[in-house]
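> Give me coordinates for this.
(chains A, B, C and D)
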Protein chains: 2
Amino acid sequence: MLNFSTSEENYIKTIFHLQNGQNTVTTNALAEKLSTRPASVTDMMKKLKAKKLLHYQPYQGFRLSNEGKKVALDIIRRHRLWEYFLAEKLKFKWDEVHVVAEDQLIDKLDEYLGYPKSDPHGDPIPDSLGKMENSEQINLAELAVNKPAEVCRVVNQSDEMLELLQHKKITIGARVEIKRKFEFDHSIEIRLRQSKRNSSDQPSFSISEQLAKNIFVSL
Amino acid sequence: MLNFSTSEENYIKTIFHLQNGQNTVTTNALAEKLSTRPASVTDMMKKLKAKKLLHYQPYQGFRLSNEGKKVALDIIRRHRLWEYFLAEKLKFKWDEVHVVAEDQLIDKLDEYLGYPKSDPHGDPIPDSLGKMENSEQINLAELAVNKPAEVCRVVNQSDEMLELLQHKKITIGARVEIKRKFEFDHSIEIRLRQSKRNSSDQPSFSISEQLAKNIFVSL
DNA sequence: ATTAAAATTTAGACAAATCTAAAAAATACT
DNA sequence: AGTATTTTTTAGATTTGTCTAAATTTTAAT
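Numbering: from 1, shown residues only, chains lettered A, B, ... in the order given. Take a look at the predicted model:
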């Protein structure tokens, strides 16, 4: 099934409710229900007709096609399950569930979840005042093998370091991971991970443990 | 705190992550991270600067203002709590939580909630195939006098209706009966019956036939 | 210190969703 | 039936977020 914008979904859902049975829905009725202008309704009707979600002849009103009804039911299902969740789990009053503001919702969700301090990836969750546990930064030499991390600080500004950073394109924010650690010469083999765009990994290269200790990463 | 579009939020969150510490973020870095074009980034930066969410001088990179950081933390909080919920309650794998599709989400939510058949207003919830129970319900205006029934659905969510429900404590599942119908002004006198147990009746009150038509009951 | 390359911004365009004002069609009213 | 009123549609504009291509600024390299 295709994808619809929030606006399209709103129109579809509202038409479904207005066209009890097989009645045809009028432009004005729909405009009023959606608090919009008749002209906007007409515009949208053309689009929904083009997507075969409804039957529509100019000046004749409209009704959902079978496809449109399917979409409507899917939308209604989502909205009602969501409202059930708000009332049943987050303890909103049953007549509040329509107009729950984002902030309220998040605070209740936080409460419901038991004020977790970090998300499934281990990233810290700020509290409602924006306070967040300092995500611990560790130096690159201490990073576990194969664990991607983000370069967040470089404390040594020696020529050697700057040379390395520039040459290997290690920048703040770059994602890196360690491929291997070599005990015998205290070097580590690392690799930059490009963003999704360019998903082909860069070649790996080695740097000394000494230098690595000056590069800080966060998970 | 003001309101931001999804797009703006994405930019703010991403800048926050890129500018670990007090570094300045570059146009290209941001464009790559967001899978968009540098020109689009510049456009958005102008907007965010106008909203005082970041410091920005052309060609000089940008960093979030204090206000911008506050907004970023709020966004991050929401996203991480949501991911925590997906993983902890809906049992998504920790590495799936980023890219959960709407359909999957709703099906898991349905499962988590125990496949409820109606929402907090008593409206039936379609199943994943779009099938919906239509239990025989009649509207309160059509209920016979002195015949107790159970409120199972309220279809009109106008302010007037919500006011009435709250004031008179009419809730889904409440037992009601009609004491009299007044033809002359199209009003009906109704009374809530407490549970069968406590049969001490509440005071009765009148509501318009018009409103009553929007309250559905089952016998 | 110029020049070449890379990064960034501007200019101009487009799609989505809305609006106002005006035109056209349908309906209601003598 | 013929006019007035209401409803609906069209035309043209606006806002948001994006894009491409060209211009500009910064940085790197000889």
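
> show me where chain A has helices.
A:6-18, A:27-33, A:38-50, A:66-88, A:102-113, A:159-167, A:209-212 (DSSP state H).

> list the buried ones in the fourth one?
Of the residues in helix A:66-88, those scored as buried under the neighbour-count criterion (16 or more other CB atoms under 10 Å in any protein chain shown) are A:68-88. (Glycine included, C-beta is placed from N, CA and C.)

> Show the contacting residues for residue A:189.
Each residue near residue A:189 by CB atoms under 8 Å, 6 or more residues apart in numbering or on different chains is listed here: A:178-182, A:204-206.

> which one of the residues you listed has the most neighbours?
Compared across those, residue A:178 has the highest neighbour count, 22 neighbours, by other CB atoms under 10 Å in any protein chain shown.

> was I right about residue A:33 contacting residue A:13?
No: look at residue A:33 against residue A:13 with CB atoms under 8 Å: they stay out of range, at 10.1 Å.

> who in chain A is up against DNA strand D?
Contact residues (CB under 7 Å from any atom of the strand) of chain A with DNA strand D: A:26-29, A:38-39, A:41-43, A:45-46, A:56, A:58-61.

> Derive a ChimeraX selection command for the buried subset of these.
Filtering those down to the buried ones (16+ other CB under 10 Å) takes a single ChimeraX command:
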select /A:27,29,41,45,56,61
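
> filter the residues of chain A next to DNA strand D down to the ones near DNA strand C?
Applying CB under 7 Å from any atom of the strand to the residues of chain A next to DNA strand D, those adjacent to DNA strand C are A:39, A:43, A:59.

> and the second one, what does it touch?
The neighbours of residue A:43, taking CB under 8 Å, 6+ apart as the test, come to nothing; the list is empty.

> quick one on the thing from earlier: of residue A:33 and residue A:13, who's got more company?
Ranked by neighbour count (other CB under 10 Å), residue A:33 and residue A:13 place residue A:13 first, with 19 against 16.

> Report the contact partners of that one.
Contacts of residue A:13 by CB under 8 Å, 6+ apart are A:72, A:75-76, A:79.

> Which one of the residues you listed is nearest to chain B?
Distances from chain B to these, taken as CB to the nearest CB, are shortest for residue A:76 (6.0 Å).

> My read is that the closest one contacts residue B:126, right?
Yes: the criterion here is CB under 8 Å, and residue A:76 meets it with residue B:126 at 6.0 Å.

> How is chain A divided into domains?
For chain A, automatic domain parsing gives the domain ranges A:1-100, A:138-218.

> how about TSV for those domains, with distance to residue B:133 and mean pLDDT added?
Listed next are the domains of chain A as TSV, based on distance: least, CB to CB, whole Å; pLDDT from 0 to 100:
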stretch	distance to residue B:133	mean pLDDT
domain A:1-100	12	91
domain A:138-218	43	78
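
> and residue A:160, how many neighbours?
12.

> I figured it was touching residue A:211, is that so?
Yes: checked against CB under 8 Å, the pair residue A:160 and residue A:211 is within contact range at 7.0 Å.
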